[in-house]
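Q: just the structure for this:
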Amino acid sequence: MKERPILFNGAMVRAILDGTKTQTRRVVKLQQLAGNYFEGGAAGVEFDGFRIPRDCGPAPARFSAEAVGGGACISEEIYCPYGQPGDRLWSRETWSVVSNDWDDDGNLIDWIPDRPATAIHEIPFGQGYYSGHVIYAADGAHEWAGDDDGGGEPRSAWHPSIHMPRAASRITLQITGVRVERLQAIREADARAEGVTIEDRHMGGYCAGEFLPPAIRAHRELWESINGAGSWAANPWVWVIEFKRVTP
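A: Okay, the predicted model is just below:
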């Protein structure tokens, strides 16, 4: 069993914690495969596309690249970079640390914040280390000691999710399934398993060429908020990673 980090934004962290998110989709990086074989190749050779079996199951996905006019058909098996069933993922999210303090006599004051927190002791970060309690931006704002009370901009102490060390993570997931499919092949039940929030605008009648069920509409909106305008229309191949939360 291997463990790997994975990034989630605040909304998706909350959905995992409340049990509504049990799937995530991540774009398959086909460009790397193309570069392995065709970089520096014959001038004028272009790619006709990639073929991926629909039923990959837990096995590695097999990619076939065909070069137009070049007569080439090269295949390579690559594994999902997030792991296989039985492997684990640990969540990286926006975080910070409320440090321990000492009283006037030099005694340690080990107080627990009034919000979800993870106790840590001397975890390396930057050129130093942290002790105290990790808190998470997904749980709401925090008033930091030393904030400007004079109407100016408060000091921010949140750290980006990409910088979260393993010891600070509060969410561990076990992979239960991996497959590949086109983004727009998502079913309504799977869109709900992505932890989307369905709002009134997703429930309107089918009009103006809009024929998607509400959860898929909500997932499309979420996808484009993360990946940018036009990312849904691009309909990329995606890894579909199913998981369950591992609790102590």
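Q: what helices or strands is the longest helix anywhere in the chain leaning on?
A: Counting residues, the longest helix found in the chain (DSSP state H) is helix 214-227. Helix 214-227 is packed against helix 188-193, with contacts defined by 3 or more CB pairs under 8 Å, 6 or more residues apart in numbering; DSSP states H and E. The C-beta positions use only the backbone N, C-alpha and C, and glycine is treated the same way.
Q: tell me what the helix it packs on is packed against?
A: Using 3+ CB pairs under 8 Å, 6+ apart: helix 188-193 touches helix 214-227.
Q: name the residues that touch the very next helix or strand once past the helix it packs on?
A: Counting by DSSP states H and E, the element after helix 214-227 in chain order, helix or strand, is strand 237-246. Contact with strand 237-246 is made by 16, 19, 22-28, 30, 50, 52, 80-83, 88-89, 171-183, 190, 193, as judged by CB atoms under 8 Å, 6 or more residues apart in numbering.
Q: residue 175: what's it in contact with?
A: Applying CB under 8 Å, 6+ apart to residue 175 gives the contacts 82-89, 241-243.
Q: list the buried residues in stretch 235-244.
A: Residues of stretch 235-244 classed as buried: 236-243 (neighbour count, 16 or more other CB atoms under 10 Å).
Q: now the longest helix of the chain - C-alpha only, PDB.
A: The C-alpha trace of helix 214-227 is given here as PDB (Å, rounded to 0.1, in the frame of the first residue of the first chain):
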ATOM      1  CA  PRO A 214     -29.000  19.100 -12.100                       C
ATOM      2  CA  ALA A 215     -26.100  17.300 -10.500                       C
ATOM      3  CA  ILE A 216     -24.200  17.200 -13.800                       C
ATOM      4  CA  ARG A 217     -24.900  20.900 -14.300                       C
ATOM      5  CA  ALA A 218     -23.500  21.600 -10.800                       C
ATOM      6  CA  HIS A 219     -20.400  19.400 -11.500                       C
ATOM      7  CA  ARG A 220     -19.800  21.300 -14.800                       C
ATOM      8  CA  GLU A 221     -19.900  24.600 -13.000                       C
ATOM      9  CA  LEU A 222     -17.600  23.300 -10.300                       C
ATOM     10  CA  TRP A 223     -15.200  21.900 -12.900                       C
ATOM     11  CA  GLU A 224     -14.900  25.100 -14.800                       C
ATOM     12  CA  SER A 225     -14.500  27.100 -11.500                       C
ATOM     13  CA  ILE A 226     -11.400  25.000 -10.900                       C
ATOM     14  CA  ASN A 227     -10.000  24.400 -14.400                       C
END
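Q: would you map the helices across the protein?
A: 10-17, 30-38, 188-193, 214-227.
Q: save these as a markdown table, and put in distance to residue 124, mean neighbour count and mean pLDDT too.
A: A markdown table is the format used below for the helices of the chain (distance: least, CB to CB, whole Å; neighbours: other CB atoms under 10 Å; pLDDT from 0 to 100):
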| stretch | distance to residue 124 | mean neighbour count | mean pLDDT |
| --- | --- | --- | --- |
| helix 10-17 | 23 | 19 | 97 |
| helix 30-38 | 31 | 14 | 51 |
| helix 188-193 | 36 | 18 | 95 |
| helix 214-227 | 30 | 18 | 92 |
